[in-house]
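# Generate coordinates for the sequence data below:
(one chain, ligands or ions: 1)
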Amino acid sequence: MSEKKQKVMVGMSGGIDSSVTAYMLQQQGYEVEGVYLKLHNRTDGYHENNLFYIEGVAKYLGIKYHILDLANKFNEEVYDYFVNSYLEGTTPNPCVKCNRNIKFGAMLDFAKEHGASFLATGHYAATDGEFFYEAEDKSKDQSYFLSQIRKEALPYMMFPLSNYKKEDIIKLGASLDVAYKKITEKNESQEICFVETVYTDVIKKHANIDVEGDVLDEDGNVVGKHKGYAHYTIGKRKGFTVKGAHDPHFVIKLNPKDNTITVGKKPALEINEVLGENINMYIDKKEFSCGVKLRYRSTTTPCKVRIENDKAFIMLEAPAFGVASGQLAVFYDDGKVIGSAFIQSAN
Ligand SMILES: Nc1ncnc2c1ncn2[C@@H]1O[C@H](COP(=O)(O)OP(=O)(O)OP(=O)(O)O)[C@@H](O)[C@H]1O
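This next block holds a predicted model:
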């Protein structure tokens, strides 16, 4: 008698990565089911459009798919957090929250309830069930965004694209079937799925952020004007005036209380110590040396970390520039993610 196939639930977005993920797992002999999450209605017909592509793939593969409406949870835990963070003068990371609470929180629960042994996605990262690792394709690596996922979720996760380059996935997809070919011909998805163009358009739906304010130097002197603090993030060097400045000036602080921004020259952006909160660790050590990424796409900086209660005290061994509160400090041991914390402050 043949053994029953193990079931894998695939998070399907209607994009090429998750569509090829489903194909690969079926090829590997798993029983594949898909699940589409309704998270937000960015534009009219948004879900219908995604479901059109999912339907085509599901038909080709002969698989069943589910639709799971998590719009309320997404709104509360990702969208509101995103808007509020900008209004509070910090730089949110909505994908990190979504991965922890939605995709590898509620979607994982759904997969388990439906008898799946694993949950797979088209993320570019790798896992051995105990840790995350950077993807082979470093230019697409998403391990930074996965670093707040609970340790308990890891044994259920699968990333079949971990060893592939995006262009190979597109090529493979285009060669499979017309349903896949159509997906390769549509536009690539946005960096933040609910932001159509720029983040300020989203914030503007909730608050008037176009309120002119003063630009301050590091001593608190008024040196120019800006168009509203929520338009800026740490390190930005455009869109404000600095009287008589010859050298470039960068935003070093946002002050929502009085709608001012503080600017300084490049050395003022230099950071040597970072305080992290809401830590999520995959190792038990309380003191260790590692590399830290302080934003997505930054290089790793060598550092020493001390964990105390829910905080991480991070001493950089080389300075970093333009570190924003609200982003993640992700700890790497070579390509292995050993934990992360949200940046609370840096100096
Ligand atoms: N609405 C959704 N429902 C279910 N799973 C999703 C959804 N959005 C994203 N995912 C899963 O998370 C993975 C990574 O999402 P991301 O937004 O980074 O998409 P992507 O790189 O554009 O991938 P894709 O090409 O599959 O859209 C996707 O490959 C998919 O498996």
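# Any idea which residue is closest to the centre of this protein?
Cys95 (3.2 Å; Cα atoms, centre = their mean).
# That residue belongs to a strand?
No - Cys95 is assigned helix when assessed by DSSP: H, G, I helix; E, B strand; the rest coil, not a strand.
# Was I right to think it contacts Gln190?
No - look at Cys95 against Gln190 with Cβ atoms under 8 Å: they stay out of range, at 11.0 Å. C-beta here means a position set from N, CA and C on the backbone, and glycine is covered the same way.
# Up against the ligand, what does the stretch 1-150 of the chain have?
The stretch 1-150 of the chain comes close to the ligand at residues 11-13, 15-18, 35-37, 39, 103, 121-123, as judged by Cβ under 6 Å from any ligand atom.
# Quick check: phi and psi at the single nearest residue of the chain relative to the ligand.
Relative to the ligand, the nearest point of the chain is Gly15 (2.1 Å; Cβ to the nearest ligand atom). Main-chain dihedrals, Gly15, degrees, to the nearest 10: phi -90, psi 170.
# and it, what does it touch?
Shown in contact with Gly15 (Cβ atoms under 8 Å, 6 or more residues apart in numbering): Tyr53, Gly122, Ile183, Glu188, Ser189.
# Please give the centre-to-centre distance between whichever strand or helix holds Gly56 and its chain.
Element membership of Gly56, judged by DSSP states H and E, is helix 46-61. Computed by Cα atoms, centre = their mean, to the nearest Å, the chain-centroid distance of helix 46-61 equals 24 Å.
# Can you name the element that comes right after it?
Using DSSP H and E, the helix or strand that follows helix 46-61 in sequence is strand 64-69.
# Could you report the pLDDT at Met1?
Per-residue confidence (pLDDT) for Met1: 51.
# can you give me the helices in the stretch 51-200 of the chain?
For the stretch 51-200 of the chain, applying DSSP state H, counting those that start in this stretch gives helices covering 71-74, 80-87, 94-97, 107-113, 143-146, 166-176, 178-185, 199-203.
# If we go by neighbour counts, what in the first one is buried?
This points to helix 71-74. Across helix 71-74, burial judged by 16 or more other Cβ atoms under 10 Å covers Lys73, Phe74.
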